[in-house]
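*Asks:* Based on what follows, work out the 3D shape:
(4 chains)
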Protein chains: 2
Amino acid sequence: MSIAQRKQEEKQEMHKRILNGARKIFLKKGYEQTSIRNIANEISYSPGSIYFYFKDKSEIFHELHKEGFQLLLGQLRVFDAVRDPFERLKALGSSFMQFAKDHTDYYNLMFLVDERNRKQGEGFQIAKEAIDYLTEVVRQCQEKGHFKNLHTDCFTFMVLSTVHGICSLFCKDHTAGFMNRTDEELMQHGYDCFVTLLERG
Amino acid sequence: MSIAQRKQEEKQEMHKRILNGARKIFLKKGYEQTSIRNIANEISYSPGSIYFYFKDKSEIFHELHKEGFQLLLGQLRVFDAVRDPFERLKALGSSFMQFAKDHTDYYNLMFLVDERNRKQGEGFQIAKEAIDYLTEVVRQCQEKGHFKNLHTDCFTFMVLSTVHGICSLFCKDHTAGFMNRTDEELMQHGYDCFVTLLERG
DNA sequence: TTTTTATTTGAACAGTGTTTAATAGTTTTG
DNA sequence: CAAAACTATTAAACACTGTTCAAATAAAAA
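*Replies:* Predicted coordinates for the structure are as follows:
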């Protein structure tokens, strides 16, 4: 078993190596602007080799997509410690935005690449878990008297939409219309406005 | 002058013909999946001909981008008639979402294609006008006592983010995480939640 | 009619994702 | 140990991509 085991480890190493090369280029140039040849070049292998480990380009992307979600979720889990659900919700939003700022390319990969022609498999699951978690936080907020008479699911969707909307405008560089305001200002103060609304509602 | 005039008209016709072919394919397959050869084929011309009328692929895209904004703005201008600014704001949001539902591909072209490597010229101007208009509506709402003690610009950005966020999740088909709810429900009720927040704040 | 100009084309270039036959390297089997 | 079997890798090929450009054609002006 020792030989077969080593083989498998080598295979996993190569898998990782490709992923490392791909990540580097995907995050620098985006999905469309990254070619298999670029990746192959990065790790000094032939383009064909990559197809021995991955079905196609989108499968490589998909793994990074999952990776990004794990990174984000790890970052959000920190706030499990925050007792008050409303404070936790606010912190989650802030942290989500911070993620978009720190890892813009991951964010693009995770939320701004078209999902319509993609098979909704595994990586999709992890997103659903995140949504369920957020929904639970909102429910707890409502238990404590916030957001009265609003349907939990739809309200959660709206909260996520707002934060994602802010991040999306930032990531696609659509913030320029609000001139004499930096991205930093817009995102932070825009979010603050939203939090104020949440507090009042 | 008659000949030169006819010439110019023919040139404009060809310009339009390319745009028509391009629109058809761009809106069906998206930016990246549309090739110059596809467009040329659609209008029964050679690929090279297109470069006689357009600098490059992105210039064709840009014209359609502008076209989309004109369509949207025309749709929004209807609500100039609504007197109460808050009612107008609510109607604008609804209508914006309706546009995303009716013209998902235009929406993708207008708001969900990366602007980072694009020269921020003309078409950009029309977006700024729309933002200025929205800002004015928000200002009028505040004049009537809504959204007290919130900075107009940032608040406007937040409102736009929310509506765009909802549309963005819809357009990229990221709504599946909220299962047993249709897109229609999510968007409409999510927006209703937001409006309720606005009313309470 | 000839010259000049405007328009159109097809071929070429360098790139893309992906497939595949051949090859070299390694492991298992006789 | 040698032969067969399997694994991993590659270069070449295919059908695409955006873009350029010399050549051909059509139209207008002289």
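
*Asks:* What's the biggest helix in chain A, counting residues?
*Replies:* Ordering each helix of chain A by length in residues (DSSP state H) puts helix A:2-29 first.

*Asks:* The helix or strand just after that one vs DNA strand C: in contact?
*Replies:* Next in sequence after helix A:2-29, counting helices and strands by DSSP states H and E, comes helix A:36-42. Yes: under the criterion of Cβ under 7 Å from any atom of the strand, DNA strand C is reached by helix A:36-42 at A:36-38. All C-beta atoms are positioned from the backbone trio N, CA, C, and that covers glycine.

*Asks:* Please spell out the PyMOL selection for the buried subset of the residues you listed.
*Replies:* This is the PyMOL syntax for the buried subset of the residues of helix A:36-42 next to DNA strand C, where burial follows 16 or more other Cβ atoms under 10 Å in any protein chain shown:
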select buried, chain A and resi 36+38
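
*Asks:* so how far is residue A:19 from residue A:48?
*Replies:* From residue A:48 across to residue A:19, the span is 17 Å (Cβ to Cβ, to the nearest Å).

*Asks:* which ones are touching residue A:27?
*Replies:* A:103, A:105-106, A:109 (Cβ atoms under 8 Å, 6 or more residues apart in numbering or on different chains).

*Asks:* now residue A:126
*Replies:* By Cβ under 8 Å, 6+ apart, the contact set of residue A:126 is A:66, A:69-70, A:73.

*Asks:* Same check on residue A:84?
*Replies:* The contact partners of residue A:84, taken as Cβ under 8 Å, 6+ apart, are residue A:144.

*Asks:* Is it possible to get CSV of the contacts of residue A:126 that adds distance to residue A:135, pLDDT and neighbour count?
*Replies:* Shown next, in CSV, are these (distance: Cβ to Cβ, whole Å; pLDDT from 0 to 100; neighbours: other Cβ atoms under 10 Å in any protein chain shown):
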residue, distance to residue A:135, pLDDT, neighbour count
A:66, 21, 87, 17
A:69, 17, 88, 21
A:70, 20, 90, 10
A:73, 15, 91, 15
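
*Asks:* what's the burial count for the residue of chain A found nearest chain B?
*Replies:* Residue nearest to chain B within chain A: residue A:165 (2.5 Å; Cβ to the nearest Cβ). Applying other Cβ atoms under 10 Å in any protein chain shown, we find 25 residues neighbouring residue A:165.

*Asks:* buried residues in the helix or strand hosting it?
*Replies:* Using DSSP H and E, the element containing residue A:165 is helix A:152-171. Across helix A:152-171, burial judged by 16+ other Cβ under 10 Å covers A:153-171.

*Asks:* Over to stretch A:91-105?
*Replies:* A:91-97, A:99-100, A:103-105.

*Asks:* Off-centre distance for it?
*Replies:* How far stretch A:91-105 lies from its chain's middle: 9 Å, per Cα atoms, centre = their mean, to the nearest Å.
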